[in-house]
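> any chance you can model this:
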Amino acid sequence: MSSGRFDELLDRLKPDPGDEGGVSVSNVVSHFDSRGFGPLLVISGLLAVLPTGLIPGMGLVSGTLIVAFSIQLLLGRSDPWVPGFIGRREISASRLRAAVDKGRGAARLIDRWLEPRYEQLCRPPFSRVVAAIGVLIGLSMFPLAALPFGNAVGGAAIVFFGLGLVADDGLTVAFGLIASLGAVVMALSLGL
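The predicted structure is shown next:
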């Protein structure tokens, strides 16, 4: 997995100014190459962490996505697979350009904090351990979805995992491991 910067990922996603057609979800995911699991895990985790986590059923959606992407990573896939019915959906080029432009400030902020370090935590076999923990966190989100922000700690762990995997930042992955311990403590305290 090559290290990368989030602003470079955004540059690769941004459609050309003259392109006004639609861009498929599969095409967007393919632009991430081997780093595709990181951004997808970040998005899936953010669904649980942000106020969207209060939307009924969002914990189930987030948990399902986390389990699906974590299993693929656990099995050693080099790039993420999305089901055809999702992959064929299109985003207009203008909306994707606007989203990329809007995300650039956050990407630069993230890039200031992340850097390649302790890269061994981002590569097999340790990345498979992270993926297994991701599966467990995703599965724990199903019963925790009934609680307001019950999935926030697990979602935060997944966000750290995703950020670390994109940037080859093992320290950020380690923060995810610490947050995942918090998710376990929370689940155990609720008798799950």
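> rest of the way, CA atoms for contacts and neighbours
Noted.
> can you say which helix or strand has the spatially most central residue of the chain in it?
The structure's the chain has its C-alpha centroid closest to residue 41; by CA atoms, centre = their mean the separation is 1.5 Å. For residue 41, the element it lies in under DSSP states H and E is helix 37-49.
> quick check: mean pLDDT of that helix?
If you average the pLDDT over helix 37-49, you get 91.
> ok, now which ones touch the residue nearest to the centre of the chain?
65-66, 69, 158-159, 161-162 (CA atoms under 8 Å, 6 or more residues apart in numbering).
> inside helices: which ones of these?
Cross-referencing the contacts of residue 41 against helices under DSSP state H gives 65-66, 69, 158-159, 161-162.
> and the residue nearest to the centre of the chain, how far from residue 70?
According to CA to CA, to the nearest Å, residue 41 and residue 70 sit 8 Å apart.
> what comes up buried for the helix or strand bottoming out on mean pLDDT in the chain?
Least confident element among the helices and strands of the chain, by mean pLDDT, DSSP states H and E: helix 6-13 (a mean of 81). Neighbour-count burial for helix 6-13 flags 6-7, 9-10, 13 (criterion: 16 or more other CA atoms under 10 Å).
> about what we covered before: for the ones in helices among the contacts of residue 41, give me a markdown table that also has pLDDT and distance to residue 84.
A markdown table is the format used below for the ones in helices among the contacts of residue 41 (pLDDT from 0 to 100; distance: CA to CA, whole Å):
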| residue | pLDDT | distance to residue 84 |
| --- | --- | --- |
| 65 | 93 | 15 |
| 66 | 95 | 18 |
| 69 | 94 | 15 |
| 158 | 97 | 24 |
| 159 | 96 | 25 |
| 161 | 97 | 26 |
| 162 | 95 | 23 |
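> tell me which of these is nearest to residue 111?
Distances from residue 111 to the ones in helices among the contacts of residue 41, taken as CA to CA, are shortest for residue 162 (13.5 Å).
> what about the closest one, neighbour count?
Using other CA atoms under 10 Å, residue 162 has 29 other residues around it.
> contacts only, for it.
Taking CA under 8 Å, 6+ apart, we find residue 162 in contact with 37-42, 173.
> how does it look with 10 Å?
35-45, 122, 130, 156, 168-169, 172-173, 176 (CA atoms under 10 Å, 6 or more residues apart in numbering).
> got the contact list for residue 153?
45, 48-49, 137, 159, 176, 179-184, 186.
> helix or strand: which one has the closest residue to residue 67 other than its chain neighbours?
Leaving aside its chain neighbours, residue 67 sits nearest to residue 135 (4.7 Å; criterion: CA to CA, 6 or more residues apart in numbering). Using DSSP H and E, residue 135 falls within helix 126-144.
> do residue 102 as well
Assigned by DSSP H and E, residue 102 falls in helix 93-113.
> elements contacting the helix or strand residue 28 falls within?
Applying DSSP H and E as the criterion places residue 28 in helix 25-30. On a contact count with 3 or more CA pairs under 10 Å, 6 or more residues apart in numbering; DSSP states H and E, helix 25-30 meets helix 6-13, helix 37-49, helix 84-87, strand 90-92.
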